[in-house]
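>>> Quick one, what's the 3D model for this:
(one chain, ligands or ions: 1)
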Amino acid sequence: MSVFSPVELAPRDPILGLNEAFGADTRANKVNLGVGVYCNEEGKVPLLRAVQKAEEARVAEHAARAYLPIDGLAPYDLAVQKLLFGTDSALLQSGRLITAQSLGGTGALKLGADFLYRQAEKRLVAISNPSWENHRSLFEAAGYEVVDYPYYDPATNGLNLDGMLAGLEALPEGTVVVLHACCHNPTGVDLALADWAKVIDVVTRRKHVPFLDIAYQGFGENLEDDAFAVRLFAESGLPFLIASSFSKSFSLYGERVGALTMVTANQGETAPVLSQLKRVIRTNYSNPPTHGAKVVAAVLNSPELYQLWEEELAEMRDRIRHMRIALVEKLQAAGVQTDVDFIQRQRGMFSYSGLTKEQVARLADEFGIYAVSSGRICVAALNTSNIDAVANAMAAVMK
Ligand code: PLP
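Below is the predicted model of the structure:
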């Protein structure tokens, strides 16, 4: 009997399983709409020009690779704060901010989860229904009980605001509440500005712990507007956490560049919180990697590269928007009778298309078009070469 004999095979990750099925499909015109990455018009993950320029400068430096501090590269952490709160935010000088570079947005969520579990004795977290699949697994792995609050309304393909507010109200006081700050994954349905004020009101009264997840800043409206929720929470004076990521906005998926930011209630809390967060990091992976943070910091801290990056981000955002409009038009032209305009209203990389599990299975079997069984499609995987095939196939299974 080996130490490994009791180990059972883990359930297949639904999205990775989908990628495997896609890889094994031999049809030439197959399309993978299951992925969570932005692809350009050529169907490739782009290398942004701003990133390339920053990398060239970095290679030319021939810099040594010492360890970074436990909480990461200071100019990176500061640039993250400016992007989240705005360059003129009073919070930047308040002594209430802590930012630690993390292994992507996922790493930031895990640091926050571990920190709250150990230091605040949190055991209950609420996520939206539905949410990014990893939210549940990640918090469960960190020891939490995970419940959900209403979010998506299938009847309107929009937000169930009343249900969400009532759900948040009914949670036990002090629950950790994960909120998608913009470009909700998987639905693409966001809160309107006025809705956020209502959420903050409930969260404040119920003494919940807001944990904002912002993985798509810049993919909704623009960098500033997409940070609206973050900034409203900042104004509220509440203590809260933010997991942010540059995986998508810099197309730096494999470099694992994210950050955990904590806003304390007052200056006095900051040093103890930072010291304990450093312990979480130190006992986990010691300190973060250099390359991605150096590149992102170089771009964010150079006016010229920042401008180039903003333009490239706008290009990605606009391309997705055009694909949404084209998809709706082509679905209607292909004879889809049901209302599909909501696809145009959704924001970010994804659309909850309304396709059922059975329709998704037919798309794969009959047309070689792969989507997540929930009906989530990645609009950023559409391009002018594949959109007709996708729209016609969707129309065929929707009839
Ligand atoms: N949070 C949400 C809602 C996401 O959709 C993602 C990525 O898909 C992440 C966090 C994590 O991103 P990262 O790849 O930076 O870990």
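>>> ok, now which ones touch the residue of the chain found nearest the ligand?
At 2.8 Å from the ligand, Gly104 is the closest residue in the chain, using Cβ to the nearest ligand atom. (Each C-beta comes from the backbone N, C-alpha and C, glycine too.) Gly104 is in contact with Ser245, Ser247, Arg256, Val257, Gly258, counting by Cβ atoms under 8 Å, 6 or more residues apart in numbering.
>>> And whichever strand or helix holds Tyr306, how far out from the chain middle?
Using DSSP states H and E, Tyr306 maps to helix 303-333. Between the centre of helix 303-333 and the centre of its chain there are 17 Å (Cα atoms, centre = their mean, to the nearest Å).
>>> Stretch 222-233 too?
Using Cα atoms, centre = their mean, the offset of stretch 222-233 from its chain centre is 14 Å.
>>> which residues does the nearest residue to Ala395 once chain neighbours are set aside contact?
Closest residue in space to Ala395, ignoring its immediate chain neighbours: Ala334 at 3.5 Å, by Cβ to Cβ, 6 or more residues apart in numbering. By Cβ under 8 Å, 6+ apart, the residues touching Ala334 are Ala391, Asn392, Met394, Ala395, Ala396.
>>> could I get those residues as JSON lines with neighbour count and distance to the ligand?
Converted to JSON lines, the contacts of Ala334 look like this (neighbours: other Cβ atoms under 10 Å; distance: Cβ to the nearest ligand atom, whole Å):
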{"residue": "Ala391", "neighbour count": "22", "distance to the ligand": "25"}
{"residue": "Asn392", "neighbour count": "16", "distance to the ligand": "28"}
{"residue": "Met394", "neighbour count": "27", "distance to the ligand": "23"}
{"residue": "Ala395", "neighbour count": "18", "distance to the ligand": "28"}
{"residue": "Ala396", "neighbour count": "16", "distance to the ligand": "29"}
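>>> Surely Gly258 touches Ser102?
Yes - Gly258 lies in contact with Ser102 (Cβ atoms under 8 Å); the separation is 4.6 Å.
>>> Need the overlap of contacts for the two.
Taking Cβ under 8 Å, 6+ apart as the criterion, Gly258 and Ser102 both touch Ala108, Ala243.
>>> Just the element for Lys82, please.
helix 74-85.
>>> Okay, buried residues for that helix please.
The neighbour-count check on helix 74-85 (16 or more other Cβ atoms under 10 Å) flags Tyr76, Asp77, Leu78, Ala79, Val80, Gln81, Leu83, Leu84, Phe85 as buried.
>>> ok, now stretch 92-99?
Leu92, Arg96, Leu97, Ile98, Thr99.
>>> Which of the three states applies to the last one?
I take that to be Thr99. Under DSSP: H, G, I helix; E, B strand; the rest coil, the three-state class of Thr99 is strand.
>>> Break down the stretch 201-350 of the chain into its strands, ranges please.
Remark: strands assigned in the stretch 201-350 of the chain by DSSP state E, counting those that start in this stretch are 209-214, 240-245, 257-263, 350-352.
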